[in-house]
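Chemist: Show me how the following folds:
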Amino acid sequence: MQLQLNENDLLAAISRQWEMSVVRLRPDLPLAGSPERTAWRSVVETAGRQLFVLERIPSKIYGRKRRIAGTLQQLSDAGLGQVAAYLPDAGGEFIPLIGHGLWQLCPYVGGVVLDRPAYVMDGWRGDATAEFLIRLHAICSENSAAFETPPFSIIAYNRDLFAALSQRQPKVADHYRPFMDHLEKQLGPVHDRLRTCFCHGDTHPINIIWGNRSIRAVIDWEFCGTKPEIYDLANLLGCLGVENPQSLDGPFVHEVIRRMKQSGVFSGRSWAALPDMMLAIRFAWLSEWLRKDDLPMIRLEADYMALLLEHRSDVAGRWDRLG
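Modeler: Predicted structure coming up:
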């Protein structure tokens, strides 16, 4: 996408808006997270050699982005250190209008590149991820009113997705019907009785900026909000398993479950729903593959869901013995 300001004018405008001396773009530095979340982005460097991520925001998602920026600031203020909160400009605005574009700025956090897929067997990552999720849960539970949003129902989402899929691609829908039938029977009756809390919404190892033995930052909060309390853990486990199904009985998974159980943050009903929540969230990933018309991933997702369903009881039994 072409910038409406040339590089020098953009850097000068950003410098004035945030009252700092931004001197150059740093396209040589890698950026974690999905580039689809913004219209344009780059690392920028100040005269004092500080690094920030500069992003241009599509106007259609301005409201959502502004709410997320405010939420991240609240989390940072509450002591969640692994949040790269956006910087308000000199007037206190998180997403100011500059040169007919909407812009936001946050600290650049560098990290260690994941060794994929070997990382799924690193126990220390499970311990570090559990520590983050426990802290997030504690902060948002203590300040529940500040983080409350309309609750998200993965069951309702999946029903809408499957209805549309059945009309547009009935043959594909037939492959996924057994999973929907299972979820309607097992998760549907209990979903709305599960305890909820504020969740990251897309907890995935690639949305974590890793240090050598720690988490430096958690990024991509686009889907944050009130969800079943087990949601983030279920999404994480599902993402690990799709990289390597053996990881579901490996050190990363064992450590994150063990720590989460020892913390006592989740109810027994939520733990009982974990395997089915994992399966349900995979439909959100299916939606992504359908949007991209990614046929190999559409087929892979069906195979993975079949694997999760077939081994559901065995995996759940192994996890029950942890903690």
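Chemist: Just want the most central residue of the chain.
Modeler: D202 (2.0 Å; Cα atoms, centre = their mean).
Chemist: tell me the secondary structure for it?
Modeler: At D202 the chain is in coil, as set by DSSP: H, G, I helix; E, B strand; the rest coil.
Chemist: So what does it look like in phi/psi?
Modeler: Backbone torsions for D202, taken as degrees, to the nearest 10, come to phi -150, psi 50.
Chemist: list the contacts for it?
Modeler: 220-223, 235 (Cβ atoms under 8 Å, 6 or more residues apart in numbering). C-betas here are computed from N, CA, C, even on glycine.
Chemist: ChimeraX command to pick out the buried ones of these?
Modeler: To isolate the buried members of the contacts of D202 in ChimeraX, using 16 or more other Cβ atoms under 10 Å:
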select :220,221,222,223,235
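Chemist: Let's see which of the contacts of D202 end up in strands.
Modeler: Among the contacts of D202, no residue falls in strands (DSSP state E).
Chemist: I'd like the contacts of D202 as TSV, with distance to D181 appended.
Modeler: Listed next are the contacts of D202 as TSV, based on distance: Cβ to Cβ, whole Å:
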residue	distance to D181
D220	32
W221	33
E222	30
F223	26
N235	22
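Chemist: I'd guessed L248 sits against V315; true?
Modeler: Yes. With contact defined as Cβ atoms under 8 Å, L248 reaches V315; the gap is 5.7 Å.
Chemist: pLDDT score assigned to the residue nearest to the centre of the chain?
Modeler: pLDDT, D202: 97.
Chemist: so how far is I219 from it?
Modeler: According to Cβ to Cβ, to the nearest Å, D202 and I219 sit 9 Å apart.
Chemist: cool, and C106?
Modeler: 9 Å.
Chemist: Which one of the contacts of D202 is nearest to E7?
Modeler: For the contacts of D202, the closest approach to E7 (Cβ to Cβ) belongs to D220, at 26.3 Å.
Chemist: circling back to that earlier point, so C106 and I219 - more neighbours on which side?
Modeler: Between C106 and I219, counted using other Cβ atoms under 10 Å, the more crowded position is I219 (25 against 19).
Chemist: And the host helix or strand of D181, what's buried?
Modeler: Assigned by DSSP states H and E, D181 belongs to helix 170-186. Residues 172-173, 175-176, 179-180, 182-183, 186 are the ones in helix 170-186 that count as buried (16+ other Cβ under 10 Å).
Chemist: Run the chain-centre distance for it.
Modeler: Mean C-alpha position of helix 170-186 versus that of the full chain (Cα atoms, centre = their mean, to the nearest Å) differs by 25 Å.
Chemist: now swap in stretch 74-92 and tell me
Modeler: Using Cα atoms, centre = their mean, the offset of stretch 74-92 from its chain centre is 18 Å.
Chemist: With stretch 161-175 instead?
Modeler: Taking the mean of its C-alpha atoms, stretch 161-175 sits 26 Å from the chain's own mean (Cα atoms, centre = their mean).
Chemist: How about residues contacting it?
Modeler: Outside stretch 161-175, the residues within contact range by Cβ under 8 Å, 6+ apart are 176-177, 180, 283, 286-287, 290, 298, 302.
Chemist: Would you mind checking the average pLDDT for it?
Modeler: 97.
Chemist: Measure how buried the spatially closest residue to W40 that is not a sequence neighbour is and give me the count.
Modeler: Distance criterion Cβ to Cβ, 6 or more residues apart in numbering; nearest residue to W40, sequence neighbours excluded, is R56 at 4.3 Å. Neighbours of R56 under the rule other Cβ under 10 Å: 20.
Chemist: ok, now how distant is E255 from K261?
Modeler: Plainly put, E255 is 11 Å away from K261 if you go by Cβ to Cβ.
Chemist: before we move on, the earlier item: quick one: common contacting residues for C106 and I219?
Modeler: Common neighbours of C106 and I219 (criterion: Cβ under 8 Å, 6+ apart): A84.
Chemist: Hmm, S59 and A39 touching each other?
Modeler: No. Counting by Cβ under 8 Å, A39 sits too far from S59 to count as a contact (9.1 Å).
Chemist: Just want to know which of those two has more residues nearby.
Modeler: Using other Cβ under 10 Å as the criterion, A39 and S59 rank with A39 on top: 17 against 13.
Chemist: can you pull the contacts of the more buried one?
Modeler: By Cβ under 8 Å, 6+ apart, the neighbours of A39 are 1, 55-58, 101.
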